[in-house]
Each structure stands twice: as C-alpha cells, then as structure tokens.
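Student: pasting the sequence and the predicted coordinates here, then a few questions.
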Amino acid sequence: MRYADLTKYRYSINYPGRKVFNVGWLGEGRDFPTGDERGLYEKLLPYCAHSIEPKPGVYPCPICGETMPSKQWGTKKFSLGHSEIRVVIEDVWYASPTMILHYVERHHYRPPLDFIRACFHGVDPTSQEYSDALYELQRSAGPRRHRHAKMTAILGSRIFGTTPPPEVLQNIGDYDFLDELEAKCDPS
C-alpha cells in the first residue's frame, strides 16, 4: 500500500471525528524524502514493539525486497511488516506501518517534521496516558472495534506494565486466548 504522507488515514479503520494521518506508507518506484534524524529509530522502537492492526502473513520491504528479521526493544522481540503503529501528540494521531522502522534505518526515509516532533515530544508510548488514549482511539472506530481495543489494552499492559481500563478488567477472563495468540506471534 502506498499513501502520501499526511493524507487522511483510511487503510484498515475509519476513526470518525479524529485527526489521523498517514506517514511512512512507502512503495516501490516512488520517491520519498531522505535524511538522517538522530534518535528517530530509537524513538520508533517502543511503538513497533506494541503494534496494532496485525495482518496475516509476512510482507517484505516493497523497496528492497528484504524480509524483515526480528527486532528487539528491551526484552520484547517483534517482527516488522505485518502491523501498524500509532503516534500521538495533542489531538493528532499518525498511522504508520511497522516497516517505518526499516525505512528509517535502511533507506534513510525522513518522515514529515510533524511526525518526527510527535515521536520526540508526543505522548510516551510506554505510558498509561498513551495506553488510555490508544484504547479510546480504537473504541472511536465503532462497536465492532471494541473487542480489538480491549485486546490491544491487555497486550499493552503486558509489554509496558500499564493498567487496562476498568471495563476491560471486568472481563479479563474472556481474553485468556491472548496467551496462546502471543506465543504464536513471538518471533523467537
């Protein structure tokens, strides 16, 4: 998929009334801005460790064709190329494929300055504030997305030690299958 940077996000979910913009949806044969932004790769790691919207399959880089090796942030191992991240600053969200980590590292992709600013000065993806905001963003996509929002909150709590919202904790037993799912998705 190729979407121009800072266009309205519409890939897998519609978030009514929210400002959600595409960043880093690069494709083969398309030019993109390059440069080196010190520290951006490290800032993107925790977002990619807690990605959302997983898709089945393995997707190689559309630019170089490389299949992504596992990455690691702290003790969390994860794969790139089959899910997305959300970066937030104030009331603006940026939606990117996890491949953005590879694009920055290998292809020296330089995202828009607003996105870079959000990575460095936005809500910390390891914080309770981020966990709560991501939960509310996913819930805003409608009733069909509520179960997905709850699963993301539980998985996020396991990675970052945040606390899922009370309505998730009431029914935590309904999500026991996440242990099995997490084991299947673990690239180690």
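Tutor: Received the coordinates, thanks.

Student: number of residues surrounding Ala4?
Tutor: Applying other Cβ atoms under 10 Å, we find 11 residues neighbouring Ala4. Where you see a C-beta, it was placed from the backbone N, CA and C, and this is true even at glycine.

Student: quick one: contacts for it?
Tutor: Ala4 makes contacts with Asn22, as judged by Cβ atoms under 8 Å, 6 or more residues apart in numbering.

Student: relative to Leu80, how far out is it?
Tutor: 21 Å (Cβ to Cβ, to the nearest Å).

Student: so where is this protein shaky, pLDDT-wise?
Tutor: Counting by pLDDT under 70, the chain contains low-confidence ranges at 168-188.

Student: tell me where it has helices.
Tutor: Along the chain, counting by DSSP state H, helices occupy 40-49, 100-106, 113-121, 128-139, 146-160, 166-169, 177-185.

Student: of the ones you listed, give the one that comes closest to Phe32.
Tutor: When the helices of the chain are compared by Cβ to Cβ, helix 100-106 sits nearest Phe32, at 7.8 Å.

Student: how about the helices of the chain in CSV, adding distance to Pro60 and mean neighbour count?
Tutor: Formatted as CSV, those follow (distance: least, Cβ to Cβ, whole Å; neighbours: other Cβ atoms under 10 Å):
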stretch, distance to Pro60, mean neighbour count
helix 40-49, 17, 20
helix 100-106, 10, 22
helix 113-121, 24, 17
helix 128-139, 27, 19
helix 146-160, 25, 19
helix 166-169, 35, 13
helix 177-185, 18, 11
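
Student: okay, these in CSV with distance to Glu90 next?
Tutor: Listed next are those as CSV, based on distance: least, Cβ to Cβ, whole Å:
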stretch, distance to Glu90
helix 40-49, 17
helix 100-106, 21
helix 113-121, 9
helix 128-139, 11
helix 146-160, 21
helix 166-169, 25
helix 177-185, 31
